[in-house]
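# here is my input, please return the structure:
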Amino acid sequence: MSTRLSILIVAVGLSPALPCAAEPDPHTAAPAKRQAAAGPVNTGVIGMRIAAARDGDTVEIGPGIYREHIRIDRSIRLVGRGGPVIDGGGSGDIIEIVAPGVVLRGFTIRGTGIDLDQENAAVRATAAGAVIEDNTLEDVLFGIDLREAPGSVVRGNRIGGKKLDIARRGDGLRLWRCDGALIENNTVHDGRDSILWYSKGITVRGNTGRDCRYGLHLMFSDGVTIENNLFANNSVGIYLMYTSGVNISGNTLYRNRGPSGYGIGLKETDRFTVTGNRISANRVGVYIDGSPFTAAQPGDFHRNTIAYNDIGFTFLPSARNNELYENNFIDNIDQVSVAGRGSLEANRFWKGERGNYWSDYTGYDQNGDGVGDFIHESWTLFENMVDREPKLRLFLFSPAQQAVEFVGRALPSVRPEPKFIDEVPLMRPVPLPADVYASTPSAASLGALAVGLLLSGGAIVGAAGGRFGGPK
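Take a look at the predicted model:
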C-alpha cells in the first residue's frame, strides 16, 4: 500500500461523518415557504369566473374536466355541480385559498406535482374560516394543507395520495397554527401523515385513516378532541407528542403494524384521557413514554378494549402516574410490557374497587360481586429468560414464546417476579361493541392448543433449565 493511500484512508477514518442528503423532517420544522404555483393561475374557465366574482358570491361550476391552477382571492363559495374535475396536469399546486371565509365544495381535484421541497398540494388555505367539504382528491402529493387558517372546517373529503414509496409521499392532511378547526368525516388513504402542529382546540371526529405512516399525529397541539375515528393498516394509528389536554374516545385502532406499530402512542403528553376505544391486532396497542409529563392529572385509561395485539400496553420506565381501570385486556400475546429497565410501581391498574378484565386471570368470584377474590399478578417467563439471554429475542411473538409462557403458568416454581398487580380484577369484560370478540377461538381449539403449548414449552424450558436455573 502506498504512503499516499495510507494517509488518505486514515484521514477519511478520522474525519467526522458527513451528513446525508435527506428530506426535511415535517415534524421538527415549520412548513417550507411557498413559491408561486407552477404554470399560469386563473386563466381557465373557473379562474375567470373567480376573477369576475365579488365577496359573498356563489360560483357554481358544472360537470367537465377543467385543466387549470386556481387562486381564490375573494370570499366566495365555489361549488361543483355534477362532479366537475379540476386537473393539475401533474404540476405544482392546484387550488390556493388566500381570502377568508371561502367555501370549496363538490369537486374532484387531481394531479398535483411531485416536488416535496415545494410541497405541491391539491388545496392550500392560508386564511381563516375556510370550509373545504365533500371533495375527492386523487393522485396528490399533499392533500389539504391549512396554514394559519383558524376556525376552518375540513369535512366529508376523500383524500388519496400518489403511488409513491411512503417516504416520498406528502401529508394527506396538515394543519399549522389552525386553532378551533373541525376535521370531520374525511377519509385519508395512501399518504404519509395527517398532522396537527401548534393548533389548539381542534376536534377530529368520524374520520378514517388507512395505509399511511401516521393515521393522526399531534405535536404541540393542546385541547384536542379525537373521537369516533378509524385508523387501520398504518404504521401508527394515533401519536401524541408534547401535547396537553387531549381526549381520545370511541376510536378504533386496528392492525397498525409498521416499524413502530402502535395503536396509540403518547410521548411527553399531559392531562389526557383515553376511553372507550377498541384497540386490536396492532403490534403494540398503547405505547407510553414520559406521560403524563407533570403531576397535574393522572393519565386516565378506562373502558378501552385492548385485544389480540402482540403487546397490549408498553410502558417506558419514564411513564408514571397512569391509572388503568375497567379496561378489557383480551388475548394479547403480552398483556403489559416494560421497555427497558424499570418497574410499573408508579402506575396503578385499578381505581377504587374497579380494576380491569384480564383474559388470562385464573381467579374466581365466590360472592358474585363481579370482582375476583384474588389479585391478578402479571409475570412473563419468556421475558425473564430474554433478560438473561438476549439472543432468545429471536423467538419473540413466535409459538415458542407462547409455549414458554404456558409452562410458566403451569409450573409456579419457574415464575419470575410479577411486573404489576391488579388488586381488584374484573370477572367479566366491560360491555363494548361485540365485533372485538368475533374471532375468539372455541373451547375445543383452545384445549388442543393448550396441550401442544405444554409439550413444546416444556421441552424449551427443560433444555434451557441448565442455563437459567429458575428465577432469582
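
# use CA for all of it now, contacts and neighbours both
Fine.

# okay, now G80: neighbour count?
G80: 21 surrounding residues under other Cα atoms under 10 Å.

# is it bridged to anything, and to what?
Beta bridges link G80 to I61 when assigned by DSSP bridges.

# for I226, same thing?
V204, I248.

# look up how far N327 lies from it.
19 Å (Cα to Cα, to the nearest Å).

# before we move on, what about D310?
Counting by Cα to Cα, the gap from D310 to N327 is 17 Å.

# these two: which has the busier surroundings?
For D310 and N327, the more surrounded residue by other Cα under 10 Å is N327, and the numbers stand at 27 against 22.

# okay, that one: pLDDT?
Looking at N327, its pLDDT reads 97.

# wait, isn't it in contact with G312?
No: under the criterion of Cα atoms under 8 Å, N327 is not in contact with G312, lying 11.0 Å apart.

# joint contacts of these two?
I306 (Cα atoms under 8 Å, 6 or more residues apart in numbering).

# using the three-state scheme, assign P63.
coil (DSSP: H, G, I helix; E, B strand; the rest coil).

# wait, it sits on I86?
No: applying Cα under 8 Å as the test, P63 and I86 come out as separate, 10.2 Å apart.

# what's the distance between stretch 283-290 and the middle of its chain?
10 Å (Cα atoms, centre = their mean, to the nearest Å).

# CA-only coordinates of it in PDB, if you can.
The C-alpha trace of stretch 283-290 is given here as PDB (Å, rounded to 0.1, in the frame of the first residue of the first chain):
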ATOM      1  CA  ARG A 283     -48.100  -4.700  17.200                       C
ATOM      2  CA  VAL A 284     -48.400  -2.600  20.400                       C
ATOM      3  CA  GLY A 285     -51.900  -1.400  21.500                       C
ATOM      4  CA  VAL A 286     -50.800   1.500  23.600                       C
ATOM      5  CA  TYR A 287     -47.200   2.900  24.000                       C
ATOM      6  CA  ILE A 288     -46.500   5.300  26.800                       C
ATOM      7  CA  ASP A 289     -43.300   7.300  27.100                       C
ATOM      8  CA  GLY A 290     -42.800  10.000  29.700                       C
END
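
# mean confidence score for it?
Per-residue scores along stretch 283-290 average to 96.

# repeat for stretch 336-354
Rounded mean pLDDT across stretch 336-354 is 87.

# over to stretch 225-245?
Stretch 225-245 carries an average pLDDT of 97.

# any idea how far apart the tips of it sit?
For stretch 225-245, the first-to-last residue distance is 9 Å (Cα to Cα).

# how about residues contacting stretch 193-204?
170-184, 188, 212-227, 229.

# shaky segments in the protein?
For the chain, applying pLDDT under 70 flags the ranges 1-39, 380, 383-391, 393, 397, 412-416, 432-472.

# for it, what spans make up the helices?
Ranges of helices within the chain are 3-14, 45-52, 381-388, 399-410, 443-468, based on DSSP state H.

# hmm, who's touching stretch 292-304?
Taking Cα under 8 Å, 6+ apart as the rule, stretch 292-304 contacts 268-279, 291, 319-328, 430.

# now swap in stretch 74-84 and tell me
So stretch 74-84 is contacted by 50, 53-66, 98-108 (Cα under 8 Å, 6+ apart).

# does V338 touch P317 like I think?
Yes: at 6.9 Å, V338 and P317 qualify as touching, with contact defined as Cα under 8 Å.

# pull up the overlap in contacts between these two.
Common contacts of V338 and P317 (Cα under 8 Å, 6+ apart): L344.

# ignoring the adjacent residues along the chain, who's closest to R428?
Excluding the flanking residues, the one nearest R428 by Cα to Cα, 6 or more residues apart in numbering is Y357, at 6.2 Å.

# any idea what that neighbour is bridged to?
Bridge pairing for Y357 - DSSP bridges - gives N328, L426.

# quick one: contacts for it?
326-330, 425-430.

# how close does it get to W350?
Going from Y357 to W350 by Cα to Cα gives 10 Å.

# and for F374, the neighbour number?
F374 has 15 neighbouring residues, counting by other Cα under 10 Å.

# before we move on, what about A167?
10.

# excluding sequence neighbours, find me the nearest residue to it.
Closest to A167 by Cα to Cα, 6+ apart is R192, at 7.3 Å.

# first-to-last residue distance for stretch 146-155?
Counting by Cα to Cα, you get 13 Å between the two ends of stretch 146-155.

# nope, stretch 233-245 is what I meant
Its first and final residues considered, stretch 233-245 spans 27 Å by Cα to Cα.

# so how far is that stretch from its chain's centroid?
In terms of Cα atoms, centre = their mean, the centre of stretch 233-245 is found 5 Å from the chain centre.

# go ahead and name everything in contact with it.
Contacts of stretch 233-245 (Cα under 8 Å, 6+ apart): 209-224, 231, 253-272.

# could you tell me which of those residues belong to strands?
Under the assignment DSSP state E, those contribute 209-210, 214-219, 231, 253-254, 262-267, 270-272 to strands.

# I132: what's it in contact with?
So I132 contacts 103-105, 153-155, 157 (Cα under 8 Å, 6+ apart).

# ok, now V154?
131-133, 181-184, 186.

# and it, how far from I183?
5 Å.

# quick check: bridge partners of F272?
V246.

# that one and K200, how far apart?
Counting by Cα to Cα - F272 and K200 are separated by 14 Å.

# then S318?
In terms of Cα to Cα, S318 sits 26 Å off from K200.

# G44 too?
Counting by Cα to Cα, the separation of G44 from K200 is 38 Å.
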